[in-house]
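Undergrad: Got a sequence here, can you model it:
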Amino acid sequence: MLVLKTYLSTIPDHRRAQGKLYDLPHLLLFSILAVLSGATSYRKIQRFMHARREQLNALCGLSWKRAPAHPSIRYALHRLKVSEVEHAFRQHAAQLAREPVGGQQIALDGKTLRGSFDHFEDQKAAQLFSALATNTPLGLGHVLINDQEADKTHEIPAAQQLIEELHLSGRLFTLDALHAQKNG
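TA: Now for the predicted structure:
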């Protein structure tokens with residue numbers, strides 16, 4: 001977990017100096033722990049940090065006197081650039097993937113994100129294509145499948161993109177049958 005904080009430290013903090021009472025890497029790490037524990041709102045993240053402040057302080061060598069307020073958490077998280085957060089997570093996953101994990105099999109699959117459609121705005125559901133290490137609970141990375149009007153064949157370039165970006169060549173992959181297509 002503290003290794004993850006090292007990678008979270010690479011994410012630039014876009015807050016003004018006055019808004020940096022709580023350092024970003026710990027704020028991100030504790031927010032991730034809160035979400036993994038079931039927090040679904042900024043208030044719930046704040047409650048998680050408040051309830052476990054002493055444990056979190058001891059774990060990370062901090063001396064936070066109180067948990068950050070939920071607007072402070074929201075402000076810090078909303079200012080983050082998705083690409084920078086994704087890069088930090090991919091670096092962490094790549095480092096974990098280099099460690100012996102009982103095999104080098106990678107599962108690649110696309111999924112539609114539940115609840116991501118919006119009938120009011122006539123927006124289709126978001127689709128992600130993910131790479132997962134099969135012998136661990138490790139998510140190596142994902143890409144957004146951009147063309148919402150297309151059929152599932154847009155998973156093919158997404159798979160190629162992930163394999164290239166994550167430097168996964170030389171591994172055994174499991175994919176859907178549509179990836180076994182031959183060119184004409």
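Undergrad: Please make it C-alpha for all contacts and neighbour counts, starting now.
TA: OK.
Undergrad: Break the protein into its domains for me.
TA: 2-80, 103-180 (automatic domain parsing).
Undergrad: Next, format those as TSV and append mean neighbour count, distance to A94 and mean pLDDT.
TA: Shown next, in TSV, are those (neighbours: other Cα atoms under 10 Å; distance: least, Cα to Cα, whole Å; pLDDT from 0 to 100):
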stretch	mean neighbour count	distance to A94	mean pLDDT
domain 2-80	15	11	92
domain 103-180	15	7	76
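Undergrad: Tabulate these in TSV, adding columns for distance to F89.
TA: Listed next are those as TSV, based on distance: least, Cα to Cα, whole Å:
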stretch	distance to F89
domain 2-80	7
domain 103-180	8
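Undergrad: who wins for proximity to H92 among these?
TA: Minimum separation from H92 across the domains of the chain (Cα to Cα) falls at domain 2-80, 6.2 Å.
Undergrad: packing partners for the longest helix seen in the chain?
TA: Longest helix in the chain, counting residues (DSSP state H): helix 82-98. In terms of contacts (3 or more Cα pairs under 8 Å, 6 or more residues apart in numbering; DSSP states H and E), helix 82-98 is packed against helix 2-8, strand 139-145.
Undergrad: For V85, which of those is the nearest?
TA: Of the helices and strands packed on helix 82-98, nearest to V85 by Cα to Cα is helix 2-8, at 7.6 Å.
Undergrad: can you give me the angle the next helix or strand along the chain from the closest one makes with helix 82-98?
TA: Moving toward the C-terminus from helix 2-8, the next helix or strand (DSSP states H and E) is helix 24-36. Angle, helix 24-36 to helix 82-98, by axes from the mean of the first three to the mean of the last three Cα atoms, to 10 degrees: 80 degrees.
Undergrad: Which neighbouring elements make contact with helix 24-36?
TA: Applying 3+ Cα pairs under 8 Å, 6+ apart, one finds that helix 24-36 contacts helix 2-8, helix 42-51, helix 70-78.
Undergrad: relative to helix 24-36, how tilted is the second one?
TA: Computed with the same axes, to 10 degrees, the direction of helix 42-51 lies at 110 degrees from that of helix 24-36.
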